[in-house]
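Asks: After the sequence you'll find the predicted model.
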Amino acid sequence: MKIEILFPEVCNLYAELQNIEYLRRCDPSIEIIHTDLKSRPAFLDGGIKLVYVGTTTEKGQELVIESLKPYRDEILKAIEDGQFMLLTGNASEMFGKTIKCEDGNDIEGLGILPTYAVRDMMHRYNTLWIGQYHFDDGSKEDVVGFKSQFTQCCFEEGAGYDDEYKPLFVAERGEGLHPGIKEEGIRWHNLYMTYLLGPLFIVNPLFTHTFLEQIGAENTEIAYKEASMRSFLKRCKEFREPDRGFTY
Amino acid sequence: MSLRFIAALWLAKLSIPVLKITGHNGTDYPGSLAIRICPDFFQKIGKPETIIGVTGTNGKTTCANMLCDAFEAAGKKVLCNRYGSNIDTGLSTCLLKGATLTGKAKFDTAVLEIDERSAVKVFPTITPKYMCVTNLFRDSIMRNGHPDYIAGILDANIPPETKLILNGDDLISGRIALSNERAYYGIEKQPTDVTECENLLNDMRICPICGSKLIYDYRRYHHIGKAHCSKCDFKSPEYDYSGHDIDTEKNTIMIRDKDGDFEYHISNDSMFNIYNTCLVVALFRELGYKGEELGKIMESVKIPDTRFNVQKSGSISVVTQLAKDKNALAVSRATDYVRKMPGHKKMFLLISCYKDERHWSENTCWLYDCDFEMMNDPLMDQLIVTGPRAPDFYMRLLFAGIPEEKIFYELDERKAAAEFDLKKDDTVYIFCGIDAFDLVDDCRKIILKRAEDEGL
């Protein structure tokens, strides 16, 4: 199975690339390929199971949009055809309609997701997060993470969570996609987006296992399972303590 | 001068001995009180004619202290915020301490460590004659976001008349406030330099002009080195103060500038601290000190003990290495330094962000930006993970490929110090953040006492 990391030279903040390395540690048959800003994404020509884009800087977002713009329609078609794609942190903002900036110089995104982001560079939003991933059969599993961002993401007017755009997670403590809602992230076809950092997979052994199953990995056993679970369970316990501050 | 300002100044000054008596020396309270009484206190308080600012992600406290030591060695008394904080309230505290009862500056020169994130509040009021920038790297994810963000803040706020003293080997901080006058210091190619990055953090991979791949002529660590663009004519700046011929036995470095080549003492052989020496030399040369004279001054400049400290008992050495938690770069540099030290060693990790732990839970992303892989070394005999984040460190060390049997896991720090495997001739490196000095002291004492009791 091949996983393509798009633009590791800029989309590499907060150790996000270790998400994919962790998947490879779980399933050593995974082959990771890297595509830079000047190259055509390999997944557009097939043979890639998962495409990953991680958090980047504000300048990085503009570079990514510029790089992907020529392929916008092909990317949309690939997603509609079932291409697995994971966008963490602010990566999804490049795939939305607009990034609204304080100075009025809004940035036009790829317009693949019906969302927009609002930047506030003088106020960093930091929070702990605990919630659940909901399975189709009604069961659920705990998910933890951190949010640390300058933006808040919202659906465009007329769009929202529905049968097509489902929340990836639901918050138990902490906010959802933006303050005031409990739904976090989006799952649309096989595109998964979330603002949760951690790195997401490393701090969430249960969800990693689920995700590996969903993308059809050969091995879905978690690497360093005992250590990972010990850390995960301690974090779940901490994040549920009522006196634990949640927003920084 | 308003009555409100005088009241703020006097009450704040009065609070200083009160705080001293009650054992609260070194807090921001006087400055914060003054600002509360007189909101424009920071603007109104008298300031020395020459202000030397020091900022950057890592090494700013060390550099500011080194600059103060150098001024003292040169026989000049300067105002500095050595014992206070580096944000607006800390700077106000420092300035009011250095002011007369009417609010006039008593000193003609100040060395002020300035928090890079506080530039927005500080620079409208303070115009440094020189601004020394150590480097810009990733810092606390929660506070600083990423280095590009901090560079943007400095860019937008450093006054245009300030001359910058910049690290020519850092393409991030080296490119701030491009229209300001500047002088670059740097260190020429070293035998240990590489071209491909060996670190997880590598924040300058593409050309800032055209976005093409940067090619490093030499790379010291992370993005520090000399690079040029693979497509356009962008390249690293030329040094005005060019370090070369580092002699770690004699503890000296040669630094070439427009007037010649001079020898200077280095008080610590880590590359990070040699850069700090270059910064101090560059600033003093800019101030007009002669090379030979500065050579003598630099002999008195030491790295403060809280950053790097060695204590011995019998054959056991305990090295305390400041490695700011939440800062992957600081810990990576310390790790790299330790792995290059000769002999067998043990590493005792006290970097659990104890301050955060009191009221919330640490964002641990930084652990996976940090080069713990460097600890996977045959000479690293044991790694002691302890404290509230021990499970996260344990997981991280396994991820780094460190064999499970080399990791000693114990949540209680003092118990860990008492129980890990201590052998004759061991060197134990304690990695600590700035919020755990008491704990570090306790653990160090326990280890040294074990050495004595166990006859090691």
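Replies: Looks like it arrived, so ask away.

Asks: And the lowest mean pLDDT element among the helices and strands of chain B?
Replies: One helix or strand of chain B scores below all others by mean pLDDT, DSSP states H and E: helix B:354-357, with a mean of 74.

Asks: Can you list the buried residues in it?
Replies: For helix B:354-357, the neighbour count (16 or more other CB atoms under 10 Å in any protein chain shown) marks B:354, B:356-357 as buried. Quick note: C-beta positions are derived from backbone N, CA and C, even for glycine.

Asks: Same question for stretch A:189-198.
Replies: A:190-198.

Asks: With stretch B:346-360 instead?
Replies: Within stretch B:346-360, the residues that count as buried by 16+ other CB under 10 Å are B:346-354, B:356-357, B:360.

Asks: Output those in JSON lines; the columns should cover distance to residue B:284.
Replies: Shown next, in JSON lines, are the buried residues of stretch B:346-360 (distance: CB to CB, whole Å):
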{"residue": "B:346", "distance to residue B:284": "39"}
{"residue": "B:347", "distance to residue B:284": "36"}
{"residue": "B:348", "distance to residue B:284": "37"}
{"residue": "B:349", "distance to residue B:284": "37"}
{"residue": "B:350", "distance to residue B:284": "35"}
{"residue": "B:351", "distance to residue B:284": "34"}
{"residue": "B:352", "distance to residue B:284": "39"}
{"residue": "B:353", "distance to residue B:284": "36"}
{"residue": "B:354", "distance to residue B:284": "37"}
{"residue": "B:356", "distance to residue B:284": "38"}
{"residue": "B:357", "distance to residue B:284": "41"}
{"residue": "B:360", "distance to residue B:284": "43"}
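
Asks: ok, of the residues you listed, which one's closest to chain A?
Replies: Using CB to the nearest CB, residue B:360 is the member of the buried residues of stretch B:346-360 that lies nearest chain A, at 3.7 Å.

Asks: Could you report the pLDDT at that closest one?
Replies: Here, the pLDDT recorded for residue B:360 equals 75.

Asks: Surely it is within a helix?
Replies: No. With DSSP: H, G, I helix; E, B strand; the rest coil as the criterion, residue B:360 is assigned coil and is not in a helix.

Asks: list the contacts for the most centrally placed residue in chain B?
Replies: The residue lying closest to the centre of chain B (CA atoms, centre = their mean) is residue B:59, at 2.1 Å. Counting by CB atoms under 8 Å, 6 or more residues apart in numbering or on different chains, residue B:59 makes contact with B:134-135, B:272-273, B:275-276.

Asks: do that again at 6 Å, thanks
Replies: B:134, B:276 (CB atoms under 6 Å, 6 or more residues apart in numbering or on different chains).

Asks: any idea how far residue A:69 is from it?
Replies: Remark: distance between residue B:59 and residue A:69 (CB to CB, to the nearest Å) = 40 Å.

Asks: For chain A, list the residues in contact with chain B, please.
Replies: When proximity is defined by CB under 6 Å from any CB of the partner chain, chain A lies next to chain B at A:9, A:13-15, A:18, A:57, A:63, A:126, A:128, A:146, A:148, A:197, A:199, A:224, A:227-228, A:230-231, A:234, A:238, A:244-245, A:248.

Asks: Direction included, what does the host helix or strand of residue B:262 pair up with?
Replies: Under the criterion of DSSP states H and E, residue B:262 resides in strand B:260-265. Its sheet considered, strand B:260-265 pairs with strand B:252-257 (antiparallel) by DSSP bridges.

Asks: since we're on residue A:110, how many residues are nearby?
Replies: Using other CB atoms under 10 Å in any protein chain shown, residue A:110 is surrounded by 19 other residues.

Asks: pLDDT on stretch A:45-57, on average?
Replies: Averaging pLDDT along stretch A:45-57 yields 97.

Asks: and the spatially most central residue of chain A, what does it touch?
Replies: The residue lying closest to the centre of chain A (CA atoms, centre = their mean) is residue A:88, at 2.4 Å. Applying CB under 6 Å, 6+ apart to residue A:88 gives the contacts A:16, A:54, A:194, A:200.

Asks: Please convert these to a markdown table, extending it with distance to residue B:208 and secondary structure.
Replies: Shown next, in a markdown table, are those (distance: CB to CB, whole Å; DSSP: H, G, I helix; E, B strand; the rest coil):
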| residue | distance to residue B:208 | secondary structure |
| --- | --- | --- |
| A:16 | 22 | coil |
| A:54 | 21 | coil |
| A:194 | 30 | strand |
| A:200 | 30 | coil |
